[in-house]
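Chemist: build the 3D model from these lines:
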Amino acid sequence: MPAAPPTPDVLVHLPASGAPLPPALLARLAARQHALPLLRRLRFAARVAGATTEHARVLYCGGGFSAATEEQEGGEARAGEDGAPFAAAYLDVSRAPETQLWLYASLEDAAPAETEEAAECAWRVLREVRRQHGAYAAGADGPAAVLAGSLGEALRAALATRGAVFARVGLYDKWLLRARGLPPPAAAPPGLRWGPVRRRDVPLMLARTSIPRQERTVVLLPSLALFREDDGEPVAWALLGPDSSLSNLHVEPAYRGQGLAKAVAAKLLRDRLRDYGAAADDGYDEYDDYCWADVAPDNPGSQAVCRSLGGRIGWSVSW
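Modeler: Model (predicted):
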């Protein structure tokens, strides 16, 4: 069966080519708060060795970008109209069972008048996702679905009205934090020491979470743990995800109730959030100070940690 033709008006960028993303696209994302997860996923892929694969794609549609100036080998798209509706995504179908897709549409930050056009852009991007997934999985057994992460509820609803099928939806509140408002760095409690998560700690970390992470990814992510000084075993830890979200925050039962979760989260965000910040070639990012955690509505423990860090619910997302 011949491959499906490319989706009209959707531009495809190959991160593995080494060519930079169009500065105009990065600037559009940096100016929109709901686009931060996608923007930081793009930065993680561009800056961390091993964080992207030959199967990764950046897809975007609308915004006045010109397909005539974006070739698959690289290049820059024409900027177009700064306020024009658009949608963009980072896709890597090879990362299953981890999150494969981050998708944003400007309707999430725009006035209602922009909703229909931005939703159509997102729908076209999603059609290209399906085409890319089909090309990758051709002749292979496995699910036809793609795992999308941090998908805004407004965008999910708009896609559902166009026929998108979401086989499984996990709803989360996106708790927004400000780095400048986090507690100052704390010394490790007596008998414990700070350090990054080691490769030998990864099996224990994965055993303590339901998040479908692979060791290949965990070893690339910014991490922090508290270790016992006597035997070097970890008692509390956290990661920053590929999109910079506070993730995998855990304290072993014998050490709970001592404020360790708050201390680990605050120090990790203060020390490593800058890894996802704007570089000189990205231009100014007014939201560099923001960080977040995606927390299930029925997880009071994590909600309490976010409150203790000065967090508030920004919007709802699904995975």
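Chemist: tell me where the stretch 201-319 of the chain has strands.
Modeler: 223-228, 234-240, 246-251, 290-295, 312-318 (DSSP state E, counting those that start in this stretch).
Chemist: quick one: end-to-end length of stretch 104-111, please.
Modeler: Its start and end residues considered, stretch 104-111 measures 15 Å (Cα to Cα, to the nearest Å).
Chemist: okay, the strands of the stretch 201-319 of the chain in CSV with distance to residue 175 next?
Modeler: (Each C-beta comes from the backbone N, C-alpha and C, glycine too.) Formatted as CSV, the strands of the stretch 201-319 of the chain follow (distance: least, Cβ to Cβ, whole Å):
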stretch, distance to residue 175
strand 223-228, 19
strand 234-240, 14
strand 246-251, 8
strand 290-295, 5
strand 312-318, 6
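Chemist: as CSV, these with distance to residue 39 and mean neighbour count would be great.
Modeler: What follows is the strands of the stretch 201-319 of the chain, written out as CSV (distance: least, Cβ to Cβ, whole Å; neighbours: other Cβ atoms under 10 Å):
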stretch, distance to residue 39, mean neighbour count
strand 223-228, 21, 21
strand 234-240, 14, 24
strand 246-251, 17, 22
strand 290-295, 11, 23
strand 312-318, 15, 16
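Chemist: residues of stretch 30-48 that come out buried?
Modeler: 30-32, 34-46 (16 or more other Cβ atoms under 10 Å).
Chemist: longest helix of the protein?
Modeler: Taking DSSP state H as the criterion, the chain has its longest helix at helix 115-137.
Chemist: pull it out as PDB, backbone CA atoms only.
Modeler: Extracted C-alpha coordinates of helix 115-137, given in PDB (Å, rounded to 0.1, in the frame of the first residue of the first chain):
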ATOM      1  CA  THR A 115     -11.200  29.200  18.100                       C
ATOM      2  CA  GLU A 116     -12.400  27.700  14.800                       C
ATOM      3  CA  GLU A 117      -9.400  28.500  12.700                       C
ATOM      4  CA  ALA A 118      -6.900  27.400  15.400                       C
ATOM      5  CA  ALA A 119      -8.900  24.200  15.900                       C
ATOM      6  CA  GLU A 120      -8.800  23.500  12.200                       C
ATOM      7  CA  CYS A 121      -5.000  23.900  12.300                       C
ATOM      8  CA  ALA A 122      -4.800  21.500  15.200                       C
ATOM      9  CA  TRP A 123      -7.000  19.000  13.300                       C
ATOM     10  CA  ARG A 124      -4.700  19.100  10.300                       C
ATOM     11  CA  VAL A 125      -1.700  18.600  12.600                       C
ATOM     12  CA  LEU A 126      -3.400  15.600  14.100                       C
ATOM     13  CA  ARG A 127      -4.100  14.200  10.700                       C
ATOM     14  CA  GLU A 128      -0.400  14.500  10.000                       C
ATOM     15  CA  VAL A 129       0.300  12.700  13.300                       C
ATOM     16  CA  ARG A 130      -1.800   9.800  12.100                       C
ATOM     17  CA  ARG A 131       0.000   9.700   8.800                       C
ATOM     18  CA  GLN A 132       3.400   9.800  10.500                       C
ATOM     19  CA  HIS A 133       2.400   7.000  12.900                       C
ATOM     20  CA  GLY A 134       1.100   4.900  10.000                       C
ATOM     21  CA  ALA A 135       4.300   5.200   8.200                       C
ATOM     22  CA  TYR A 136       6.300   4.300  11.300                       C
ATOM     23  CA  ALA A 137       4.100   1.300  12.200                       C
END
